[in-house]
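Peer 1: Quick one, fold the following:
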Amino acid sequence: MRFVSYLLDGERRAGVVVQDRIHGFEPGVSLLSLLGDDGEKLRAAGEEALNDPRQVIAIADAGLIAPIPDPPTVRDFVTFEQHYAGSMLAVDPGATVPAAWYEIPTFYFTNPYAIRGPLDDIPIPPGSQRLDLELEVAAIIGRGGRDIDAASADEHIAGFCILNDWSARDLQFHEMAVGLGPAKGKDTSISLGPTLVTPDELDQYRSGNSYDLEMVARINGETIGRDSLSSMHFSFGQMIEHASRGTEVRPGDVLGSGTCGGGCLAEMWGRHGSDAHESLQPGDVVSVSVEALGDMTTTIVAYGS
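Peer 2: Below is the predicted model of the structure:
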């Protein structure tokens, strides 16, 4: 099933999507409120809405917001070797991938208050002159837990959606020079959407430790890169195992896959020089798509506009 969250007359609503129409839940029922088990509550709500919807609306007429607008936490991983190797060259032309990268699925915590929906404009962060996109896939935790084993971790995933981790590269690289971060370089916007797609919808795409889903990033209609989600070095199960070791993951937590190969400008700058492509500017239109998950098209604006 495919689920969305949206605004109608200023009220947050949620529902299940079939073709181009949303079949709405009861007012006050959010996707987050339906998480916490093995997916049964979400499936049951979807089936009820299909049989007896409280509202039916064309998805084009709905003001889509992030499927989980208020996640408890957001962890962003780095699981695509091509991206990691290329983007590190933008910082240090002699950089190589350290052995530790292949041993653990590293992540950082980012800002859950920065979540934006698939239709929201993205402001250039204050003080930045070098904004970048980052095309990822997010796994949303359905059933929480602690010390989860990778072999059973898929049972804890409610669904997947596209994640665009907007990055102020000049701020990021400056602060990381002291050995911490990223922090303010990733603090203003994280786009999630357009739909929450349950894992069973992706079974046909299973490949290796992930899914063979084409991922494409475009700026003003120009394709800057494409990859497959199956290029991940670590699985989502391994990511959950690492994230939950000695602590909890909770329903609604967002775990980003990390940027796919070719899914950002920093990788291009690292491999071809800082003049290979201009950073994002007000008026630029960024489109990211992931096969079976949908697409998001976003306009860059000046901060405060």
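
Peer 1: can you pull the contacts of G28?
Peer 2: Listed by C-beta atoms under 8 Å, 6 or more residues apart in numbering, G28 has no contact partners. Glycine gets a C-beta too; all of them are placed from N, C-alpha and C.

Peer 1: tell me the SS of V17?
Peer 2: Here V17 is recorded as strand under DSSP: H, G, I helix; E, B strand; the rest coil.

Peer 1: how about the nearest residue to it, chain neighbours excluded?
Peer 2: With C-beta to C-beta, 6 or more residues apart in numbering as the criterion, V17 has its nearest non-adjacent residue at 4.4 Å, and that residue is R2.

Peer 1: Parallel or antiparallel, which strands does the helix or strand hosting N164 pair with?
Peer 2: In this assignment (DSSP states H and E), N164 forms part of strand 157-165. Note on strand 157-165: by DSSP bridges, its sheet partners are strand 135-141 (antiparallel), strand 190-197 (antiparallel).

Peer 1: ok, back up a step: return the residues in contact with the residue nearest to V17.
Peer 2: Contacts of R2 by C-beta under 8 Å, 6+ apart are 16-18, 195-198, 201.

Peer 1: Pick out the most distant pair among the residues you listed.
Peer 2: The largest separation in the contacts of R2, counting by C-beta to C-beta, is between V18 and L196 at 14.3 Å.

Peer 1: who's more crowded, the two?
Peer 2: More crowded of V18 and L196, by other C-beta atoms under 10 Å: L196, with 28 against 16.

Peer 1: Grab the longest helix from this structure for me.
Peer 2: helix 40-51 (DSSP state H).

Peer 1: Sheet partners, orientation included, of the next helix or strand after that helix?
Peer 2: Downstream of helix 40-51, the first helix or strand assigned by DSSP H and E is strand 55-58. Note on strand 55-58: by DSSP bridges, its sheet partners are strand 21-24 (antiparallel).

Peer 1: Many thanks, I have nothing further to ask.
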